[in-house]
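K.L.:
Take a look and give me a structure for this.
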Amino acid sequence: MLGMWSLLLLWGLVTPCQGLLETVGTLARIDQDELGKAIQNSLVGGPILQNVLGTVTSVNQGLLGSGGLLGGGGLLGYGGVFGVVEELSGLKVDEVTLPKVSVKLLPGFGVQLNLHTKVGLHGSGPLGGLLQLAAEVNVSSRVALGVSARGTPILILKRCSTLLGHISLLTGLLPAPLFGVVEQTLFKVLPELLCPVVDSVLGVVNELLGAVLGLVPLGAVGSVEFTLATLPLISNQYIELDVNPIVKSVAGDIIDFPKPRKPVKVPPKEDHTSQVTVPLFLFNTMFGLLQTSGALDLDITSELVPSNVPLTTTDLAALVPEALRKLPPGQQLLLSLRVKEAPTVTLQNHKATVSIPTTIHVLSYFPQGAHEALFQLNGVMTLNAQLAPSATKLHISLSLERLSVQLASSSAHTFDASHLEEWLSNVVRLAYVPKLNVSLDVGIPLPKVLNVNFANAALAIIENAVVLTVPS
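P.N.:
Have a look, this model is predicted:
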């Protein structure tokens, strides 16, 4: 408990980010509208939250449904705590309208949360006949933003009170003295009844906030583990989380690459939007993981290219005859592409490119026998990257822009390798790039921020980062 209070005390000393991402983490800025929406959804219930709610609500029931905290048989339903009202005035709560949620962020502390609702009561009137009342109630809560024992952001209820508004007599007769008894009773019991509802709502939202962190698989090559890099920050418009992505191989080894020398200058967040910034470091680390796993290597034979793409000694002789010695025409070729260094990703000027250094071994290909090495090329593939967000990932699709090669060694005579660039580009474009895009299907995971769907996010490529923005 002392540790939690220490964290909360530190909160008051933290100031909101001024637009520089000093670390290499994925920066998530959660708009206060998104937080309000998550709270509202927790009250309504629904299929998105059912697995998260667990014991807070039964299947297909929200906090306001029958069987929920506010429904029949629940905290405020028939037989619930509100039965004390019946002893005084013969009344029971039979309805609680869906609260209207109001959220205000408190910089350096947390959240001011207000729930405005209307409570319906019915019973037998003292003069006989049906008695129906409606009371407006405002639940005011002060909520601190902290960090849980497992390192996740957490909202903690610090203070809760209720303000009883207008009470309407809908049906029946109620003498003034008894009306005052009902009013005083509601004034006393409502905080005990409605403040636990706030606590339960925060429990639901905390589950969503906790989902920001965790382990996300990357297909068959590894995984990404998200952890908090720094204490969360809170401004008057958004909560900021600096999420550190740790990329690991299948064996559990951390794939670590040099960090950028300069901090990323994150553009200001527009009002009523949430924002996630994916740093260049994560792109380079992802491609590094593919390289170390061998996913970028490929042996290309005629079976992998269309029939109109030449891959025989006859076609090669037309380009560089001096490279073939006295090999017979029509013999098949094998192109063995090996990537021994990590690719380099560049993000700038609204464009994303990937540079892949590669070694290309060209051999004569005997399907049932030994291969004979002809020559070796050192090349660099420059590929354009098309980026597209989905609900939870940032997907990458590559297309070849150019391929440059130099002769590294030859079993025959030296030659000008640039004569092969057009031919090799066609082979790479048709055989290598599609295979590469299959490896990239896993995408770059995005942190789960209150179930925000990034599928329709506006995407901006800035220097050394990609920024996704979604309206709240």
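K.L.:
who touches stretch 422-438?
P.N.:
296, 298, 300, 304-306, 309-311, 315-316, 319, 335, 337, 360, 377, 379, 381, 383, 397-400, 402-403, 405 (Cβ atoms under 8 Å, 6 or more residues apart in numbering). All C-beta spots, glycine's among them, are computed from the backbone N, C-alpha and C.
K.L.:
quick one: terminal-to-terminal distance for that stretch?
P.N.:
Stretch 422-438 has its terminal residues 24 Å apart, counting by Cα to Cα, to the nearest Å.
K.L.:
Report the mean confidence score over that stretch.
P.N.:
What stretch 422-438 shows for mean pLDDT is 95.
K.L.:
In that stretch, which residues are buried?
P.N.:
423-433, 436-437 (16 or more other Cβ atoms under 10 Å).
K.L.:
Kindly report the same for stretch 373-385.
P.N.:
374, 375, 376, 377, 379, 381, 383, 385.
K.L.:
pretty sure the last one is in contact with residue 394, am I right?
P.N.:
No: with contacts counted by Cβ atoms under 8 Å, residue 385 stays clear of residue 394, the gap being 10.5 Å.
K.L.:
Next, residue 100: phi, psi?
P.N.:
phi -90, psi 120 (degrees, to the nearest 10).
K.L.:
In this structure it contacts residue 113, no?
P.N.:
No: between residue 100 and residue 113 there is no contact under Cβ under 8 Å: 11.7 Å.
K.L.:
higher neighbour count, the two?
P.N.:
residue 113 (24 against 13; other Cβ atoms under 10 Å).
K.L.:
Can I get the helix or strand encompassing the more buried one in PDB, CA atoms only?
P.N.:
Using DSSP states H and E, residue 113 maps to strand 110-124. Only the C-alpha atoms of strand 110-124 are listed here, as PDB (Å, rounded to 0.1, in the frame of the first residue of the first chain):
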ATOM      1  CA  GLY A 110      -6.400  11.500 -12.300                       C
ATOM      2  CA  VAL A 111     -10.100  11.800 -13.200                       C
ATOM      3  CA  GLN A 112     -13.300  13.600 -12.000                       C
ATOM      4  CA  LEU A 113     -16.000  11.100 -12.900                       C
ATOM      5  CA  ASN A 114     -19.700  12.000 -12.600                       C
ATOM      6  CA  LEU A 115     -22.700   9.700 -13.200                       C
ATOM      7  CA  HIS A 116     -26.100  11.300 -13.600                       C
ATOM      8  CA  THR A 117     -29.000   8.900 -13.300                       C
ATOM      9  CA  LYS A 118     -32.600   8.600 -12.300                       C
ATOM     10  CA  VAL A 119     -33.900   6.100  -9.700                       C
ATOM     11  CA  GLY A 120     -37.500   4.800  -9.900                       C
ATOM     12  CA  LEU A 121     -39.200   3.600  -6.800                       C
ATOM     13  CA  HIS A 122     -42.600   2.000  -6.200                       C
ATOM     14  CA  GLY A 123     -44.700   0.500  -3.400                       C
ATOM     15  CA  SER A 124     -48.000   0.800  -1.600                       C
END
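K.L.:
average model confidence for it?
P.N.:
85.
K.L.:
Low-confidence ranges, the chain, go.
P.N.:
1-24, 45-91, 93, 125-128, 257-261, 325-326, 369 (pLDDT under 70).
K.L.:
And the helices in it?
P.N.:
2-11, 32-44, 50-53, 83-89, 176-210, 280-292, 313-319, 421-427, 433-439 (DSSP state H).
K.L.:
Pull out the buried residues from the longest one.
P.N.:
If I follow you right, that is helix 176-210. 178, 182, 185-186, 189-190, 193-195, 197-198, 200-210.
K.L.:
list the helices and strands that helix packs on?
P.N.:
Judged by 3 or more Cβ pairs under 8 Å, 6 or more residues apart in numbering; DSSP states H and E, the packing partners of helix 176-210 are helix 32-44, helix 50-53, helix 83-89, strand 110-124, strand 130-147, strand 153-171.
K.L.:
Distance to residue 356 added to the ones you listed, as JSON lines?
P.N.:
Shown next, in JSON lines, are those (distance: least, Cβ to Cβ, whole Å):
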{"stretch": "helix 32-44", "distance to residue 356": "38"}
{"stretch": "helix 50-53", "distance to residue 356": "40"}
{"stretch": "helix 83-89", "distance to residue 356": "71"}
{"stretch": "strand 110-124", "distance to residue 356": "47"}
{"stretch": "strand 130-147", "distance to residue 356": "40"}
{"stretch": "strand 153-171", "distance to residue 356": "38"}
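K.L.:
out of these, nearest to residue 468?
P.N.:
helix 32-44 (13.5 Å; Cβ to Cβ).
K.L.:
Can you give the distance of that closest one from its chain's centre?
P.N.:
Its chain's average C-alpha position is 17 Å from that of helix 32-44, according to Cα atoms, centre = their mean, to the nearest Å.
K.L.:
Can I get it as PDB, trimmed to CA atoms?
P.N.:
Provided in PDB are the C-alpha atoms of helix 32-44 (Å, rounded to 0.1, in the frame of the first residue of the first chain):
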ATOM      1  CA  GLN A  32     -10.700  11.800 -22.300                       C
ATOM      2  CA  ASP A  33     -13.600  11.100 -24.700                       C
ATOM      3  CA  GLU A  34     -12.300   7.500 -25.200                       C
ATOM      4  CA  LEU A  35     -12.100   7.000 -21.400                       C
ATOM      5  CA  GLY A  36     -15.700   8.300 -21.100                       C
ATOM      6  CA  LYS A  37     -16.800   5.900 -23.800                       C
ATOM      7  CA  ALA A  38     -15.100   3.000 -22.100                       C
ATOM      8  CA  ILE A  39     -16.900   3.800 -18.800                       C
ATOM      9  CA  GLN A  40     -20.300   4.200 -20.600                       C
ATOM     10  CA  ASN A  41     -19.800   0.800 -22.400                       C
ATOM     11  CA  SER A  42     -19.000  -0.800 -19.100                       C
ATOM     12  CA  LEU A  43     -22.400   0.300 -17.800                       C
ATOM     13  CA  VAL A  44     -24.200  -0.800 -20.900                       C
END
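K.L.:
That one - contacts with which helices or strands?
P.N.:
Against helix 32-44 (3+ Cβ pairs under 8 Å, 6+ apart) you get strand 100-106, helix 176-210, strand 238-249.
K.L.:
Are any of the contacts of stretch 422-438 buried, and if so which?
P.N.:
Here, 16+ other Cβ under 10 Å leaves 296, 298, 300, 304-305, 309-311, 316, 319, 335, 337, 360, 377, 379, 381, 383, 398, 400, 403, 405 buried among those.
K.L.:
Keep only those of those residues that are in strands.
P.N.:
298, 300, 335, 337, 360, 377, 379, 381, 383, 398, 400, 403, 405 (DSSP state E).
K.L.:
and residue 150, what is it in contact with?
P.N.:
residue 210 are the contacts of residue 150 under Cβ under 8 Å, 6+ apart.
K.L.:
Now with 10 Å, please.
P.N.:
With contact taken as Cβ atoms under 10 Å, 6 or more residues apart in numbering, residue 150 is in contact with 210, 213.
K.L.:
Please report how far it lies from residue 108.
P.N.:
The spacing between residue 150 and residue 108, counted by Cβ to Cβ, to the nearest Å, is 24 Å.
K.L.:
Determine the number of other residues adjacent to residue 282.
P.N.:
Neighbour number of residue 282 under other Cβ under 10 Å is 22.
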